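Student: Coordinates for the following, if possible.
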Amino acid sequence: MRLRELRVFIVALLVVLFLVFSIIGFQTFGKFAEPIDNVTATAIELAKGNYKVRVPSVLDGTIDQLSTSVNILARNLQDISFVRKIEEERLKTLIENMGSALVMIGREGKITVVNKPFLNQFDFDFDKVDNQPFRNTGLPSEVVEFIDMIFMTEKSARKQIRFEYQQVKHMELYGAPVIGEHGRWLGVVVVMHDVTELVRLEQIRKDFVANVSHELKTPITSIKGFSETLLDGAMEDRQALHDFLQIIHKESERLQFLIQDLLELSKIEQHGFSIELHRTSLREIIDRSMEMVVQKAEEKEMSLVLKMEEDIEFEADTGRMIQIVMNLLANAVNYSLSGTTVTLQAYIENGHAVIKISDEGIGIAQQELPRIFERFYRVDRARSRNSGGTGLGLAIVKHLVEAHNGRIAVHSTVGKGTTFKVSIPLWQSM
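Tutor: Sure, this is the predicted structure:
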């Protein structure tokens, strides 16, 4: 009987011990398993790119060290991600606002990066070029050939091209291969800078030098030729002497006028050029200007008609305004046929003093109008030279009008005449 009771007791004791150890083991396992689960879950979130997640702090030394290490890693990854985003924003801002068109093409020949200047330059939509083969986007053939050359040579290159895309354009292209870490070939980047305006200005400069040389050469050649003829014996002939001296005098005057106009234009175009503004009378300016051209008009039996209801007072530089009106009147007289009329109108319009000078002359073709204010540009070179002009008058007029914060416009019909309209603010302080 006692043996049976002892067995029951032992079994019961074993059951109790099992239950106790089970409870203790479960509690111990839970104590270590939960922090490990937290660390595991945090690591999974970090792998997904969620760098804001953190492991809850625990009191156990070993697990706490692991949790702290994972949290430090998370903070470092978050800081790196933040810095990377800032750098990406800076790079994006730089690319978008660099002023030049930029395109990056991957190793497969597909466009991977473009900026707004590139899209605007060729009138592209981003969706139609993004990740598209560069050959299929409609780029000018000259640009495609340049990109192909960079791909083939794998070397940096620079080239200026001329092409017609809606209008004639000049582009400075710079292309370079993009090499990643360990020499990995990533593609090609091309920067395109529009130099159309620079090319135009360079052409104007070349034309100016050529025209100045030509304009100076003509009178100098005449003076030299006739003076040599006189020295060779023609001076013994009184009539020839008189005629040749008149020609020399006329050509020297022409040379003097040209040099004066060149110096005047150079002075006006200099930085810091200013005009002396004061209250002045438009009627006085017009009267003094007409006095300077009336003799020439009478020689051609032309009429000068002024249409002005009342005097207009405005703020301007009197001497420069006389120069403006006199130049325009002189052109109207010089390029009009004998017996015609030059009409000058003056009135106020939208807070501006307006001067309109109309002639009944040869007129100017529409394609010539955008260039008539360029230095030495002549619609009819032979006729302009015979009229005695230097080719600088309208360039000077335009600069002086702009110095008054004004505007000058021209309307012309070939065979019917030309009208210049000058608008000057009544008060410069407005």
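
Student: mind giving me the domain ranges of this structure?
Tutor: For the chain, whose domains are defined here by automatic domain parsing, the residue ranges read 2-92, 99-194, 201-269, 278-425.

Student: would you list the ones you listed in TSV and tack on mean neighbour count and mean pLDDT?
Tutor: The C-beta positions use only the backbone N, C-alpha and C, and glycine is treated the same way. Below are these laid out as TSV (neighbours: other C-beta atoms under 10 Å; pLDDT from 0 to 100):
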stretch	mean neighbour count	mean pLDDT
domain 2-92	12	68
domain 99-194	15	85
domain 201-269	14	78
domain 278-425	17	85
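
Student: now the helices: where do they sit in the stretch 1-150 of the chain?
Tutor: When assigned using DSSP state H, counting those that start in this stretch, the helices of the stretch 1-150 of the chain occupy the ranges 2-48, 61-96, 116-122, 126-129, 141-153.

Student: and what of the stretch 301-430 of the chain?
Tutor: So, for the stretch 301-430 of the chain - with DSSP H, counting those that start in this stretch - the helices run 318-334, 381-386, 393-403.

Student: need those in a markdown table with distance to residue 200, can you?
Tutor: As requested, the helices of the stretch 301-430 of the chain are exported to a markdown table (distance: least, C-beta to C-beta, whole Å):
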| stretch | distance to residue 200 |
| --- | --- |
| helix 318-334 | 25 |
| helix 381-386 | 21 |
| helix 393-403 | 16 |
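
Student: Could you say which one of the ones you listed comes nearest to residue 40?
Tutor: Ranking the helices of the stretch 301-430 of the chain by distance to residue 40, with C-beta to C-beta as the measure, places helix 393-403 first at 74.8 Å.

Student: which outside residues touch that closest one?
Tutor: Under the criterion C-beta atoms under 8 Å, 6 or more residues apart in numbering, residues 261, 264-265, 268-269, 273-275, 317, 320, 323-324, 327-328, 330-331, 372-375, 407-408, 422, 424 lie in contact with helix 393-403.

Student: cool, and stretch 293-303?
Tutor: 304, 326, 329-330, 333-334, 336-342.

Student: same thing but 10 Å
Tutor: Under the criterion C-beta atoms under 10 Å, 6 or more residues apart in numbering, residues 290, 304, 325-334, 336-343, 359-360, 388 lie in contact with stretch 293-303.

Student: Over to stretch 158-175?
Tutor: Here stretch 158-175 has contacts from 100-103, 105, 121-123, 138-143, 145-147, 149-151, 153, 155-157, 176, 188-200, 202, using C-beta under 10 Å, 6+ apart.

Student: measure it end to end?
Tutor: With C-alpha to C-alpha, to the nearest Å as the measure, the first residue of stretch 158-175 is 6 Å from its last.

Student: Show me the strands paired with the lengthiest strand in the chain, marking each as parallel or antiparallel.
Tutor: Longest strand in the chain, counting residues (DSSP state E): strand 167-179. In the sheet containing strand 167-179, the strands it pairs with under DSSP bridges are strand 157-165 (antiparallel), strand 185-194 (antiparallel).

Student: I'd like to know which of the ones you listed is closest to residue 412.
Tutor: Relative to residue 412, the nearest member of the strands paired with strand 167-179 by C-beta to C-beta is strand 157-165, separated by 28.1 Å.

Student: Now do the closest one and helix 141-153, the angle between them.
Tutor: Between the axis of strand 157-165 and that of helix 141-153 there is an angle of 150 degrees, by axes from the mean of the first three to the mean of the last three C-alpha atoms, to 10 degrees.

Student: so what's residue 237 up against?
Tutor: Listed by C-beta under 10 Å, 6+ apart, the contact partners of residue 237 are 230, 243, 244.

Student: can I get the residues you listed in CSV with distance to residue 115 and secondary structure?
Tutor: Conversion of those to CSV gives the following (distance: C-beta to C-beta, whole Å; DSSP: H, G, I helix; E, B strand; the rest coil):
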residue, distance to residue 115, secondary structure
230, 69, helix
243, 69, helix
244, 67, helix
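
Student: Export the residues you listed as TSV, with columns for distance to residue 207.
Tutor: TSV is the format used below for these (distance: C-beta to C-beta, whole Å):
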residue	distance to residue 207
230	35
243	35
244	33
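
Student: Among those, find me the one that's closest to residue 134.
Tutor: Of all these, the one sitting nearest residue 134 is residue 244; the distance, using C-beta to C-beta, is 69.5 Å.

Student: who are the neighbours in contact with the closest residue to the closest one other than its chain neighbours?
Tutor: Here the nearest residue to residue 244 in space, its sequence neighbours aside, is residue 226; by C-beta to C-beta, 6 or more residues apart in numbering that works out to 4.5 Å. Applying C-beta under 10 Å, 6+ apart to residue 226 gives the contacts 234, 240, 243, 244, 245, 246, 247, 248, 251.
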